[in-house]
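**Q** my questions are about this predicted structure, shown below with the sequence.
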Amino acid sequence: MSEKPATVKCLVWDLDNTLWQGTLLEDDSVTLPDAVRELIVTLDSRGILQSVSSKNDYDLAWAKLEALGIAEYFVLPQIGWGPKSNAVRTIAERLKFAHSAIAFIDDQPAERAEVTFHLPDVRCYEADQLLTLAGLPEFSPETVTVDSRRRRQMYQAGFQREAEQAAFSGPDEEFLRSLKLEMTIGRATGEQLSRVEELTLRTSQMNATGVHYSDATLRGLLADPGHEVLVTTMADRFGPHGAVGVMLLETRPDVWNLKLLATSCRVVSFGAGAAILNWLIDEAAQAGTHLVADFRRTDRNRMMEIAYRFAGFTADPCACGAGLPEPGAPEIERLHLVPERREPHPTLTLTAPALAADHAAARA
């Protein structure tokens, strides 16, 4: 039985006689079939980004997309007269996607061949296949999370944010304050678990252990009063960042064991990891417990180790961890901290549960 192909993360559209019927420079009255409009909306709802690579006059083509009411669905449109492979490469680079995550659809065999020659990992489709795309496995993600459904809006907000940062001439901290960053830490809901599992799967720079927690395991932890499954979301004046972090915390009277901390690389520059640790350390200090953080070195997560060390965690042994169960994977070491009260993070507004008070009440 063959494996399901990797999911397409971005579909790049040709315009003339592919997305719309007709050639714009020959006849302004091109038409958009209802089935194509429906496909665009469907892919967007599945979290698949869409862009454009078209040999056309940019102003005319973009105005037509706006007139048809679909311009908002396309990120990073590349409309001009250069090779389409260059356009597709630019889109992939800006999105930070592997070429294998990109698909390209065009009615012209020569254009598809040109893209395939220069970008062999990009999947190319004929315009005649258009109405079948929604049913193909590579365009059908197994799970569509809350964040998936608004992925386009988050990317568009991100591009606006990047543009403003590039134009900003003051200190970085001043720019972060200008964003009006809001962080919310909350107990995970059942609806969020697919995103939580996704974050545990990522072996990124900001994953402390790389241990995968399945949906079933996470549901078990949600029901366990001795564990906290905490999700971090962020937003700013440009829009939501979505769910950007997860913490799995075992709480005991004398020690809290941070089994996993994982955050999205998208929010590293906003100090998300430091803000989360700052909050957790302050709560542990109020609760009068020690903190033990599980950490496994990988070839990518040096940044997470720095975050732990900067927060004050050390490899010094402490008797507080003697009663903890063995770590969930080999090569995991345990870092220790005796918490002290912390000041609020200086560049964001935080909303979070009162863990110390909640657990004190539960023990009373």
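**A** All right, it came through fine.

**Q** shouldn't Gln50 be within a strand?
**A** Yes - the assignment for Gln50 is a strand, going by DSSP: H, G, I helix; E, B strand; the rest coil.

**Q** count of residues packed around it?
**A** Under the neighbour criterion other Cβ atoms under 10 Å, Gln50 is assigned a count of 21. Every residue, glycine included, has its C-beta placed from N, CA and C.

**Q** distance of it from Leu39?
**A** Computed as Cβ to Cβ, to the nearest Å, the Gln50 to Leu39 distance reads 10 Å.

**Q** who's in contact with Thr232?
**A** Contacts of Thr232 were listed using Cβ atoms under 8 Å, 6 or more residues apart in numbering, and they are Met183, Thr184, Ile185, Ala243, Val244, Gly245, Val246, Met247, Thr263, Ala272, Ile276.

**Q** in the sheet, which residues pair with the fourth one? Tell me.
**A** Per DSSP bridges, the residues bridged to Ala243 are Thr233.

**Q** all strands of the stretch 201-350 of the chain, in order?
**A** With DSSP state E, counting those that start in this stretch as the definition, the stretch 201-350 of the chain shows strands at residue ranges 227-236, 239-251, 255-263, 290-295, 333-337, 348-351.

**Q** looking at the ones you listed, which is buried most?
**A** Per residue and on average, the most neighbours among the strands of the stretch 201-350 of the chain fall to strand 255-263, with a mean of 25 (mean count of other Cβ atoms under 10 Å).

**Q** could you pull up the mean pLDDT of that one?
**A** Averaged over strand 255-263, pLDDT sits at 92.

**Q** hang on, the earlier thing: include distance to Arg151 when you put the contacts of Thr232 into a markdown table, please.
**A** Written out in a markdown table, the entries for the contacts of Thr232 read as follows (distance: Cβ to Cβ, whole Å):
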| residue | distance to Arg151 |
| --- | --- |
| Met183 | 20 |
| Thr184 | 19 |
| Ile185 | 22 |
| Ala243 | 12 |
| Val244 | 13 |
| Gly245 | 17 |
| Val246 | 18 |
| Met247 | 23 |
| Thr263 | 18 |
| Ala272 | 18 |
| Ile276 | 23 |
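
**Q** closest one of those residues to Pro77?
**A** Minimum separation from Pro77 among these (Cβ to Cβ) is found for Val244, which lies at 26.8 Å.

**Q** and the gap between that closest one and Thr184?
**A** Taken as Cβ to Cβ, the span from Val244 to Thr184 is 10 Å.

**Q** intersection of neighbour lists for those two?
**A** Listed as contacting both Val244 and Thr184 by Cβ under 8 Å, 6+ apart are Thr232, Thr233, Met234.

**Q** pick the one among those residues closest to Leu24.
**A** Scanning those for proximity to Leu24, where the rule is Cβ to Cβ, the winner is Met234, at 39.9 Å.

**Q** could you measure the closest residue to the closest one other than its chain neighbours against Gly220, distance?
**A** Distances taken as Cβ to Cβ, 6 or more residues apart in numbering put His241 closest to Met234, at 4.0 Å, once the chain neighbours are dropped. When distances are taken as Cβ to Cβ, His241 and Gly220 turn out to be 28 Å apart.
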